[in-house]
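[1] take a look and give me a structure for this.
(2 chains)
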Protein chains: 2
Amino acid sequence: MNGAHSLMNTLVANGVDVCFANPGTSEMHFVAALDDTDGMRCVLGQFEGTVTGAADGYARMSGKPAVTLLHLGPGMANGLSNLHNALRAKSPIVNVIGDHATYHRHLDAPLTSDIEGAARPFSHWVRTTPDANSVATDTTAAIRESWRRPGRIASLILPADAAWNDVTTEATGELAGSPDASPADEQAITATAAALSAGQSTALILGPGATLEGPLQAAGRIAAATGARLLAPTMTSRITRGAGRVPVERIPYSPEPATKFLEQFDTLILVGAKAPVSFFAYPGKPSVLYHRDTRVIELAREDQDLTLALESLVAELGAENATVRTSDLVLPQVPNGAMSIDKLGALIGALLPEDAIVVDESITSGRALVPETESVRPHDWLVGSGGSIGYAMPCGVGAAVACPDRKVIVLESDGSAMYQPQALWTAARENLNMLVLIFANQKYGILHHEMHNVGVPEFGAKARALLDLDNPAIDFVGLAKSLGVPATAASTMDELAAQMRAGLATEGPALIEVRL
Amino acid sequence: MNGAHSLMNTLVANGVDVCFANPGTSEMHFVAALDDTDGMRCVLGQFEGTVTGAADGYARMSGKPAVTLLHLGPGMANGLSNLHNALRAKSPIVNVIGDHATYHRHLDAPLTSDIEGAARPFSHWVRTTPDANSVATDTTAAIRESWRRPGRIASLILPADAAWNDVTTEATGELAGSPDASPADEQAITATAAALSAGQSTALILGPGATLEGPLQAAGRIAAATGARLLAPTMTSRITRGAGRVPVERIPYSPEPATKFLEQFDTLILVGAKAPVSFFAYPGKPSVLYHRDTRVIELAREDQDLTLALESLVAELGAENATVRTSDLVLPQVPNGAMSIDKLGALIGALLPEDAIVVDESITSGRALVPETESVRPHDWLVGSGGSIGYAMPCGVGAAVACPDRKVIVLESDGSAMYQPQALWTAARENLNMLVLIFANQKYGILHHEMHNVGVPEFGAKARALLDLDNPAIDFVGLAKSLGVPATAASTMDELAAQMRAGLATEGPALIEVRL
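    Numbering: from 1, shown residues only, chains lettered A, B, ... in the order given. The predicted model follows:
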């Protein structure tokens, strides 16, 4: 058994059985070891951003880490922006990054770089394995780190000789275990219960993992018993919502509406979440979104068990039998006529199938989608937690791999789509159950807004040339087809409805260019 | 004047007048300042790898830095792999990376990351500007650093408030200057001259910048006077070659032929180059490519003036009047009939127009292209110095921006093309004079070879699934057209010849999918 086999065996023994990969020469032994390893599914991406973004989507939907296989420093670098999103989404991921053989590194061959240095800003944990005998132990450590609450990025660098050399000492075979469930502090629970009873207008802000169905039930009991509102940060990685689920309000993105929205609460209770700050700073506007007189209380830190914390709070409040309010099923009418952003929410809401997974990077085209889909068929809603553009199609790939029986619907803006179009090829190759809507307004719409927000209401031709994408206009139908994904274009609501129905009825990927 | 204007003014005053950009919210003031700045050309990329790769190509062909405009840590991360190539190519580049306002950073908003940490492994110099008043000085420092021989990556991080705040103290207006010309050591010149006279079989290995026409003339005199051979590392960023130029032999890529090739020399003279090592390590094979008895002498370090060093050596040898051997013009016959990799060199060589710029990432499809184009019309030949895949189309974009009167011919493999297809859109948008050939063999051909090289001659279906790209096959004609680039496909040599002639006759971009 060589180090590469030791890696694969350790991963599979710990239930890490999906590998998103873009390998190179230094990873050839890992590729060879795949042949000899049962139970590992390997998914190829033709760009590393697809690989890491897919691992993020997989983790969000399965709750467990996938492994990525990346090629030295520059290969990993191509995956860093989606690792940033995963890190902010609190997604567990184990990265395996090949490196030169240990004895080759000092020669500074062209592909040599400081892999540890580059990995560190986008990882919670980085280690370079010294030799084949250490692979099992270090892989177990990486998996264990990725499991640490609320989910962490572990980057393991494996030199080529650690892969190809034989393992000469028995690996321990110890398992990494699963996430520990450290409870919230007693004091925090008592203090929060007291605040909920005292506050006139109170809201719980639900952090990563607390917006899934189980913890939302507990949160719903607290809301029912105390009148507290349930909020989620704008960039929450996954919210389980729709009919039959406990509704959560999303804090608005832009500073003015967010400030106005939060102003109504005299008490904010943090459940593994951070107190709200604006996404960017703007000249002369505050960065902190809540009023200085607002009382902020932490029920639980993000590394504690948020479900347990909420359930303990329910017990403390004696709210076990409170009647939880859930969303009714109210489907909007399917809109028709001319294409309009204002009608997209109703259309998507009306057609969304039961248990759909929505991956939302619709940016300016999708501002109204979230409120308008509150009462539709139950689904999960994912957004790009780190704000790095280009996450949605890769994330959709990973979600589809994790949940083959559910329909993934990627809501993508045209500017964002161009960061990681390679994900479409993987969707075609794996015949993933994924419908992509491209909202094509032929500009970086968000940046038009942002020019105004930063105090530049008027701008000229040179600035405009950096914000508009209409020269040339991109043919997303042609792009998708070139990568193996069937595609159509819709210019009216009726066309879009018909094409969405067709796409939803298809097993496998499809793309619709929504011409706005 | 705000900090953003100060940046633009300082860049233009120092002759840095091309900006490759993919901006975001934190860079909006820079975008606004562009409107008010004469003399700055701004080129938009829809992915940051296009931006940094274009800056590399621009630097290789113009000899001076372009500025890149990148969006915080994750935006910069998307450009790091092509920065790695630029770093290894010794291309001067000034990166401007926007960051959150200084007072916003501690709030850890979603897009916050350790930008300095991520930039450092792929930069020679990193600085964060503290305020608007420091922008001019820090920009000048960045330009000066980029100019340091042989060409360096300077990364300047500019917080949003340093851009939007007014400059309240007069900027110095000091210019960055141009690269200093530190001469080689006298002793090294004398020792090299002695070695050249004593050695039985000697070769000069020419480092970055020493393979352009001027230094090659001097190297040619040395070769003529002493019988020394002229070599270039496999991954040389730019070689000026063809009829009328001094021929240079490229050291083979693979360890066996490289070792065999270098075995014939008892003395290797390094001219700003490193002693040859293999690109990767392979089990049981040596990493150092020259024999342990070979004498290795350094004429000049890469930070010294290599042209001056070679000319000093000419003088020391009294070789001023030696007759330099240059390549004759010998055009191959245009091959016809069935498509074959073996005929590509003759076809490309026969059709290559005078002063063409060839950007080569043809990998396994292009192994014979270099030797077969030695005696064709004069041209420049660029390769991906850092070995990170996906450099060629972005690099071609930058070369075409630098040299609008020359034809850029990108020789691209299909696997490589998929890393940065976004570059095609920029080529269309800027109507760049660029012909792209995609060698479509529908696999990572190099990795098939490398499986053998690392000792895995046989491999199964799961491994093969990570190395083959035929499921689905990518339609590069459709892909290019979707991004605004006219495209055709060639299945025979005759079709390819006709399509190449048409593409070469076109002003603007074109792409040919070469079906192998």
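
[2] check which helix or strand A:Glu298 maps to.
    strand A:295-300 (DSSP states H and E).

[3] what about A:Pro378, neighbour count?
    Neighbour count of A:Pro378, defined by other C-beta atoms under 10 Å in any protein chain shown: 18. Just so you know, the C-beta spots here come from the backbone N, C-alpha and C atoms, and that holds for glycine as well.

[4] that one against A:Gly242, yeah?
    Yes - with contact defined as C-beta atoms under 8 Å, A:Pro378 reaches A:Gly242; the gap is 4.0 Å.

[5] returning to that earlier point: export the helix or strand following the strand holding A:Glu298 to PDB, keeping only CA atoms.
    The helix or strand immediately downstream of strand A:295-300 is helix A:306-317, counting by DSSP H and E. Only the C-alpha atoms of helix A:306-317 are listed here, as PDB (Å, rounded to 0.1, in the frame of the first residue of the first chain):
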ATOM      1  CA  LEU A 306     -27.200  25.700  18.000                       C
ATOM      2  CA  THR A 307     -30.100  23.200  17.900                       C
ATOM      3  CA  LEU A 308     -29.300  22.200  21.500                       C
ATOM      4  CA  ALA A 309     -29.100  25.900  22.500                       C
ATOM      5  CA  LEU A 310     -32.400  26.700  21.000                       C
ATOM      6  CA  GLU A 311     -34.000  23.600  22.600                       C
ATOM      7  CA  SER A 312     -32.600  24.500  26.000                       C
ATOM      8  CA  LEU A 313     -34.000  27.900  25.600                       C
ATOM      9  CA  VAL A 314     -37.400  26.400  24.800                       C
ATOM     10  CA  ALA A 315     -37.200  24.400  28.000                       C
ATOM     11  CA  GLU A 316     -36.100  27.400  30.100                       C
ATOM     12  CA  LEU A 317     -39.100  29.300  28.700                       C
END
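
[6] list the helices and strands the following helix or strand past helix A:306-317 packs on?
    Scanning forward in sequence from helix A:306-317 by DSSP H and E, the next helix or strand is helix A:344-351. Here helix A:344-351 is seen to pack against helix A:369-372, helix A:493-505 when contacts are counted using 3 or more C-beta pairs under 8 Å, 6 or more residues apart in numbering or on different chains; DSSP states H and E.

[7] buried residues, the shortest one. List them.
    By neighbour count, and taking 16 or more other C-beta atoms under 10 Å in any protein chain shown as the criterion, the buried residues in helix A:369-372 are A:369-370, A:372.

[8] dihedrals phi and psi, A:His379?
    Here is the backbone geometry of A:His379 (degrees, to the nearest 10): phi -160, psi 170.

[9] quick one, phi psi at the nearest residue to it once chain neighbours are set aside?
    Excluding its sequence neighbours, the residue lying closest to A:His379 (C-beta to C-beta, 6 or more residues apart in numbering or on different chains) is A:Ala356, at 4.3 Å. A:Ala356 adopts backbone torsions of phi -60, psi 150, taken as degrees, to the nearest 10.

[10] for A:Ala356, which residues are in contact?
    When contacts are counted by C-beta atoms under 8 Å, 6 or more residues apart in numbering or on different chains, A:Ala356 touches A:377, A:379-380, A:406-409.

[11] near chain B, which residues of the stretch 301-450 of chain A show up?
    A:385-390, A:415, A:418-419, A:421-422, A:425, A:428-429, A:446-447, A:450 (C-beta under 8 Å from any C-beta of the partner chain).

[12] same thing with the stretch 51-200 of chain A?
    A:73-75, A:77-78, A:80-81, A:84-85, A:88, A:100-101, A:103-104, A:107-111, A:113-115, A:117-118, A:120-122, A:160-161, A:164.

[13] sketch out the low-pLDDT regions of chain A for me.
    Along chain A, segments meeting pLDDT under 70 span A:171-173.

[14] before we move on, back to that, which among the residues of the stretch 301-450 of chain A next to chain B count as buried?
    A:385-390, A:415, A:418-419, A:421-422, A:425, A:428-429, A:446-447, A:450.

[15] just the ones of those in strands?
    In strands, judged by DSSP state E, none of these are found.

[16] next step: those restricted to helices.
    Per DSSP state H, helices hold the following members of those: A:415, A:425, A:428-429, A:446-447, A:450.

[17] re earlier: quick one, the strand holding A:Glu298 and helix A:306-317 angle?
    Angle, strand A:295-300 to helix A:306-317, by axes from the mean of the first three to the mean of the last three C-alpha atoms, to 10 degrees: 110 degrees.

[18] B:His291: which of the contacts of A:Ala356 is nearest?
    The closest of the contacts of A:Ala356 to B:His291 turns out to be A:Val408 (C-beta to C-beta; 57.5 Å).

[19] beta partners of that closest one?
    For A:Val408, the beta-bridge partners are A:Ile357, A:Met434 (DSSP bridges).

[20] what sits against it?
    Applying C-beta under 8 Å, 6+ apart, we find A:Val408 in contact with A:356-357, A:359, A:396, A:399-400, A:432-435.

[21] which one of those residues sits closest to chain B?
    A:Leu432 (12.7 Å; C-beta to the nearest C-beta).

[22] which one of the contacts of A:Ala356 is nearest B:Pro150?
    Distances from B:Pro150 to the contacts of A:Ala356, taken by C-beta to C-beta, are shortest for A:Val408, at 48.5 Å.

[23] contacts only, for A:Ala86.
    Residues in contact with A:Ala86, defined by C-beta under 8 Å, 6+ apart, are A:52-53, A:55-56, A:59, A:93, A:153, A:386.

[24] can we see that at 6 Å?
    The contact partners of A:Ala86, taken as C-beta atoms under 6 Å, 6 or more residues apart in numbering or on different chains, are A:56, A:93.

[25] wait, is it part of a helix?
    Yes - judged by DSSP: H, G, I helix; E, B strand; the rest coil, A:Ala86 forms part of a helix.
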